[in-house]
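Sharing a sequence plus its predicted fold:
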Amino acid sequence: MTDHRTKVAEKKRMLMRAKLLDAAMRVYAEHTGPAPVIDDVIREAKVSRGTFYNYFDSLDQVLAAIGQELSNQMTTDILPVYDVLKEPWQRFSVGFRLFQVRALLDRKWAGFVTRAEAWPQNTLVAKYMSGDLENGKAAGQFKFDRVETATHFLLGASAHCIQAIRQGMGEPNAFMDASVRMALASLGCSPDVCERGVTFSLTYLQSWASGELSASRPLWALNMNSKDGRIFLSYSPKTAQSSPDGRRHHPPKLTAPN
């Protein structure tokens, strides 16, 4: 009986927490004037101020929780296209670019996940990134001193790139190319591997977003008829096919590995 009551109480807590987070997301998504305050959230959730403080100490804490949950959900959403890849350099380059692609297509999402508190080491994206870095180092593809340092460094870089795209820029896809190239270079990859990562991540994700791959797509990736979606699908880098050694790199076969 005690165990049952404990489970019921925990379920109620989880539901109320989710209710508060959903209310905060709606408030921030719809606001146009001054920054929202706690009163806006409790009014939207139809709860008391005391109820709010039973779950969160501040609005910043709410926003950090939203960012973490959205980051975790994003990682779960992309597993069908990301987790089928075997090579660490492929997995890293695709994952690093894909968060930026979502920022291009979904600016509201990007506004929540770019908060620094949304990128702690216990998130799913940190877990998968650490695994890819460790495997890449073991395979001789990456060279760095400590996996914890590399993970923190690249999570921070990813958050700043997402924020830059959210704020708007003239050539977001060229920006993504450069960010993937620099991220791989920071891991000690050769210029050849850096260019392969740029080309592979772009062409593979374009094929996925256009529905050519069998891997499923989340809702945010289905509407590619938007202006930003068309910009992403039609993008073809002018020079990304050539590496500093002068050789040309052809796009890989665009099928999701079995």
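All right, it came through fine. Since the model is a prediction, treat every value here as computed from it, not as a measurement.

Show me where the stretch 151-258 of the chain has its helices.
172-186, 191-209, 227-234 (DSSP state H, counting those that start in this stretch).

would you turn the ones you listed into a markdown table with distance to Lys127?
C-beta: built from backbone N, CA, C; applies to glycine. Shown next, in a markdown table, are those (distance: least, C-beta to C-beta, whole Å):
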| stretch | distance to Lys127 |
| --- | --- |
| helix 172-186 | 18 |
| helix 191-209 | 20 |
| helix 227-234 | 27 |
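
right, so of the ones you listed, which gets closest to Pro218?
helix 191-209 (10.9 Å; C-beta to C-beta).

quick one: average confidence on the closest one?
Helix 191-209 shows an average pLDDT of 96 in the prediction.

I'd like to know which of the helices of the stretch 151-258 of the chain is closest to Leu20.
That would be helix 227-234 among the helices of the stretch 151-258 of the chain, by C-beta to C-beta, at 30.7 Å.

What strand or helix carries the spatially most central residue of the chain?
By C-alpha atoms, centre = their mean, the mean C-alpha position of the chain lies nearest to Phe99, the distance being 3.2 Å. Phe99 belongs to helix 88-105 when assigned by DSSP states H and E.

go on, Gly67?
helix 59-82.

what does Leu85 give?
Applying DSSP H and E, one finds Leu85 in no helix or strand.

Thought Arg91 was touching it, still the case?
Yes - the criterion here is C-beta atoms under 8 Å, and Leu85 meets it with Arg91 at 4.7 Å.

ok, those two, which is more surrounded?
Set Leu85 next to Arg91 and count neighbours by other C-beta atoms under 10 Å: Arg91 wins out with 22 against 19.

which residues touch that one?
Arg91 makes contact with Tyr82, Asp83, Leu85, Tyr128, Asp132, according to C-beta atoms under 8 Å, 6 or more residues apart in numbering.

let's go with 7 Å and repeat that
Tyr82, Leu85, Asp132 (C-beta atoms under 7 Å, 6 or more residues apart in numbering).

Could you tell me how far the last one is located from Ile165?
Using C-beta to C-beta, to the nearest Å, we find Asp132 at a distance of 22 Å from Ile165.

Those two - which one has more neighbours?
Comparing Asp132 with Ile165 by other C-beta under 10 Å, the one with more neighbours is Asp132, at 28 against 25.

Can you say which helix or strand has that one in it?
Per DSSP H and E: helix 124-138 holds Asp132.

Could you check how far that helix is from the centre of its chain?
The chain centroid and the centroid of helix 124-138 are separated by 15 Å, computed with C-alpha atoms, centre = their mean, to the nearest Å.

Flag every buried residue along it.
Val125, Ala126, Tyr128, Met129, Ser130, Asp132, Leu133, Asn135, Gly136, Lys137 (16 or more other C-beta atoms under 10 Å).

Let me have those in TSV, adding pLDDT and distance to Ala150 as columns.
Below are these laid out as TSV (pLDDT from 0 to 100; distance: C-beta to C-beta, whole Å):
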residue	pLDDT	distance to Ala150
Val125	86	14
Ala126	88	11
Tyr128	92	13
Met129	94	9
Ser130	94	8
Asp132	96	10
Leu133	97	5
Asn135	97	13
Gly136	97	10
Lys137	97	9
